[in-house]
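J.: Provide a 3D model corresponding to the input given below.
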Amino acid sequence: YFSTKKTDEIKYFLLSLGVSLIVFLPWQLYILQRFAIEAAYEYLLNRKHLTIAVEGHSGDWYFYLQNFTNYFGKFIYYFIPIGLLVVFRKFNRFHFSNMIMCALVFIFFSFVATTKIPSFFFIVVPFLFIYLMVGFDAIITLFKLQKGFWILFLPLIWFSLNPFEIKNIHSFASEAFVRKEKNTIGYKRLSKQLKKDVHVFGLKTRDNIELMFYNPHILSCARDTDFSMAINYLNQGYEIAMFAQVLTAEQEKQLAEFPNFTLLNFEIQLQ
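T.: Next up is the predicted model:
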């Protein structure tokens, strides 16, 4: 086991692990010390991904398979199973490690984690791109199309960039753009309502960063609508603001009793 080759592999693994710790550990320690409440909230939210569909991000076990078009582009992901079949003929430790890692990530986020978000699967997408290209190369070799390689390779690159999906999302006429534009106007107008050092709850969209950008005087903005957590913050004396559209009439009445609570009547254009 402790042959020279394997010892080197362990050494490089520990080196890469050390570099990773140097990158992210200081920041985690800093926010735990400097922003203890906010960090505790974020850690709690991260744990919730395992047990509940956070912010409505639910899906079936095949959710990530349905998103293969987003990861790899239209049509071309069919090369992946071809590539996997090809490497089975020359199976080695590299391919074994890749496949185990991809399988574990898929199983964990498909069957263990309740929240389903496309980005969870991104960590193994580069490995599957290897097999996509292996499958593409196998088809080129099988049909002896080497002379036309670049003619066929360029469309592959084109589809992998997902140009049609990008156009649909970022077009000025798209539904998403119109919604975002209306919300942005509203977020700018909220600056007069939002007090300094306030915590905003219940945004219900992915615009929390945008709301904070146009209102830099607020401390945090959560998409979570945890009513009990808002009450807990209010009891501790923190300034809290919530959007009316995520509250029931009874909840509004209860919150109105706190002098450190602000009700936001701006109606967000939901996705």
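
J.: Return the distance of residue 94 relative to residue 164.
T.: Residue 94 sits 34 Å away from residue 164, going by C-beta to C-beta, to the nearest Å. Where you see a C-beta, it was placed from the backbone N, CA and C, and this is true even at glycine.

J.: same deal with residue 157?
T.: 14 Å.

J.: got any ranges where this protein has weak pLDDT?
T.: The chain contains residues with pLDDT under 70 at 1-6, 205, 223-225, 270-271.

J.: swap the cut-off to 50 and go again
T.: 1-2 (pLDDT under 50).

J.: got the residue ranges for the strands in it?
T.: 198-201, 220-221, 239-243, 261-264 (DSSP state E).

J.: Highest mean neighbour count out of those strands?
T.: strand 198-201 (a mean of 23; mean count of other C-beta atoms under 10 Å).

J.: Just want the most central residue of the protein.
T.: Centroid-nearest residue in the chain, with C-alpha atoms, centre = their mean: residue 119, separated by 4.1 Å.

J.: Roughly how far does that one sit from residue 20?
T.: Plainly put, residue 119 is 19 Å away from residue 20 if you go by C-beta to C-beta.

J.: Also residue 153?
T.: For residue 153 relative to residue 20 (C-beta to C-beta), the value is 34 Å.

J.: what about those two, which has more around it?
T.: Just comparing residue 153 and residue 20: by other C-beta atoms under 10 Å the higher neighbour count belongs to residue 153, 14 against 10.

J.: what sits against the more buried one?
T.: Residues near residue 153 by C-beta atoms under 8 Å, 6 or more residues apart in numbering: residue 136.

J.: How much space separates it from residue 136?
T.: Residue 153 is 8 Å from residue 136, by C-beta to C-beta.

J.: ok, now residue 175?
T.: According to C-beta to C-beta, residue 175 and residue 136 sit 34 Å apart.

J.: what are the phi and psi values for residue 258?
T.: As for residue 258, its main-chain torsions (degrees, to the nearest 10) stand at phi -90, psi 130.

J.: count of residues packed around it?
T.: 17.

J.: do residue 188 as well
T.: Using other C-beta under 10 Å, residue 188 has 14 other residues around it.

J.: Over to residue 31?
T.: The tally of other residues near residue 31 (other C-beta under 10 Å) stands at 15.

J.: Skip the chain neighbours and tell me the closest residue to residue 269.
T.: The spatially closest residue to residue 269, leaving aside those adjacent along the chain, is residue 179, at 4.3 Å (C-beta to C-beta, 6 or more residues apart in numbering).
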